[in-house]
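> Attaching a predicted model along with its sequence, questions to come.
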Amino acid sequence: MLQVRETTPEDIKSTNKWMLAWNKNEREEHLYPTKGLILEDTDTGEGMWAGYVWITNSAIAYIGFVTRNPNYSKKKIAKQNKENFLRELISYANKLGYSYITTWTEDPFLISDYKKIGFTETSDKTSEFILKII
């Protein structure tokens, strides 16, 4: 059986392990927000998907760090549930009081899913920047 639950601090460690397994950079734990969801298989105890929501003092929330567990034993089921999980993240953000959602990704499959569920691509010429202030 599949279940969606809120993230815990331990989930950040799992998400980073998944990122490393995908040959991606792990993220410093303090960069993760306190809000997010995990889609897990209650039969196996495995997490399938993780996604995080950054809350703001405006009407917009950010969804990001959406990651699939590459070691999940039932990969086909995980892939089939990606779009539903994204809808859960949107609903979660809405329940937190947000009426606008924005996100970013370079993953072509996530881009396709975001478009399928109604996101509008704002530009194909946008670059993402980050700066750590020392």
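Arrived safely. Numbering: from 1, shown residues only.
> ok, for Tyr92, nearest residue in space, not its chain neighbours?
Excluding the flanking residues, the one nearest Tyr92 by Cβ to Cβ, 6 or more residues apart in numbering is Leu37, at 5.6 Å. C-betas here are computed from N, CA, C, even on glycine.
> again with Val53
Lys35 (4.4 Å).
> Got phi/psi on that neighbour?
phi -110, psi 140 (degrees, to the nearest 10).
> circling back: the helix or strand hosting the residue nearest to Tyr92 - contacts with which helices or strands?
Take DSSP states H and E as the rule and Leu37 turns out to sit in strand 35-41. Counting contacts by 3 or more Cβ pairs under 8 Å, 6 or more residues apart in numbering; DSSP states H and E, strand 35-41 is packed against strand 2-6, strand 46-54, helix 82-95.
> Of those, give the one that comes closest to Asn25.
The closest of the helices and strands packed on strand 35-41 to Asn25 is strand 46-54. By Cβ to Cβ, the value is 15.5 Å.
> got the buried residues for the closest one?
Gly47, Met48, Trp49, Ala50, Gly51, Tyr52, Val53, Trp54 (16 or more other Cβ atoms under 10 Å).
> Could you tell me the end-to-end distance of stretch 31-51?
End-to-end distance for stretch 31-51, by Cα to Cα, to the nearest Å: 13 Å.
> ok, and the helix or strand in this structure with the lowest average confidence?
Counting by mean pLDDT, DSSP states H and E, the chain has its least confident helix or strand at helix 75-80, which shows a mean of 77.
> Which members of the buried residues of strand 46-54 are the farthest-apart pair?
Counting by Cβ to Cβ, the most remote pair of the buried residues of strand 46-54 is Met48 and Trp54, 21.7 Å apart.
> shouldn't the residue nearest to Val53 be in contact with Tyr62?
No. Using Cβ atoms under 8 Å, Lys35 makes no contact with Tyr62, being 10.3 Å away.
> Count the neighbours of Gly45 for me.
When neighbours are defined as other Cβ atoms under 10 Å, Gly45 has 7 of them.
> For the remainder of this discussion, apply numbering that starts at 28.
Noted, 28 is the first residue going forward, which turns the last one into Gly72.
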